[in-house]
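>>> Generate coordinates for the sequence data below:
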Amino acid sequence: MRPEDQGVQSGAQRYRVIPRVLCFVLDRGRVLLLKGAPTKRLWPNQYNGLGGHVEPDEDVYTAAVREIQEESGLQVTNVRLRGIINIDTGEPVGILLFVFLADAVTTDPKASIEGSLTWVPVEQIHEYNLVEDVGILLPRALEEDKRHGVFFAHYAFDTEGHLMITWPIQQ
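Got it, this is the predicted structure:
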């Protein structure tokens, strides 16, 4: 099968997305959060899960495991997809975010250039300076985990740059 058979050459006006992963690593009621380095372009000094871009030669699962390893050095197991979010950036290219949960096998993370890492009790995450959607996504992912389900959402931004989240009615 050729790329053109997949419809990738079907015109510049077609909506395109960049795939990314967001991973929440869990251990005994705690979640590993990354405090973004002060020099980061996106979310400096804010707490987030681990993650990043999906490379052309990998699937989203492989990207999630790679990002966890690169950003924390931890070994994980039971990596599971718990959410898919289409992010309308207001540009012709959006983001398709795949949200994962994983269980830590090792629990002594190493810092990276991305920032410092902290184990936070799940019930205390709102006490931290979180990236805007983390306090919404982690509880939603944990709820889906109980059902072995996957949530879906759409992000857009209003004229003042405020995040607007739409959840499908059937959820």
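>>> The spatially most central residue of the chain: which element?
In the chain, the residue lying closest to the centroid (CA atoms, centre = their mean) is residue 22, at 1.7 Å. Using DSSP states H and E, residue 22 maps to strand 16-27.
>>> Quick check: chain neighbours aside, which residue is closest to residue 69?
residue 75 (7.7 Å; CB to CB, 6 or more residues apart in numbering). From N, CA and C alone the C-beta is placed, and that goes for glycine too.
>>> gap between the one you found and residue 27?
12 Å (CB to CB, to the nearest Å).
>>> Flag every buried residue along stretch 67-86.
For stretch 67-86, burial by neighbour count (16 or more other CB atoms under 10 Å) applies to 67-68, 71-72, 74, 76, 79, 81-83, 85-86.
>>> tell me the pLDDT at residue 43?
In this model, residue 43 is scored at 79, pLDDT.
>>> How about the secondary structure of it?
Secondary structure, DSSP: H, G, I helix; E, B strand; the rest coil: residue 43 is coil.
>>> Could you do residue 143 as well?
Going by three-state DSSP: residue 143 is helix.
>>> And the strands in the chain, which stretches?
Ranges of strands within the chain are 16-27, 30-36, 47-48, 50-53, 76-87, 93-104, 115-121, 151-157, 163-166, based on DSSP state E.
>>> so which of those comes closest to residue 60?
Among those, the nearest to residue 60 by CB to CB is strand 93-104 (4.5 Å).
>>> Report the contact partners of the nearest residue to residue 65 once chain neighbours are set aside.
Counting by CB to CB, 6+ apart, residue 79 is the residue found nearest to residue 65 once chain neighbours are left out, at 6.0 Å. Listed by CB atoms under 8 Å, 6 or more residues apart in numbering, the contact set of residue 79 reads 23, 61, 64-65, 100-102.
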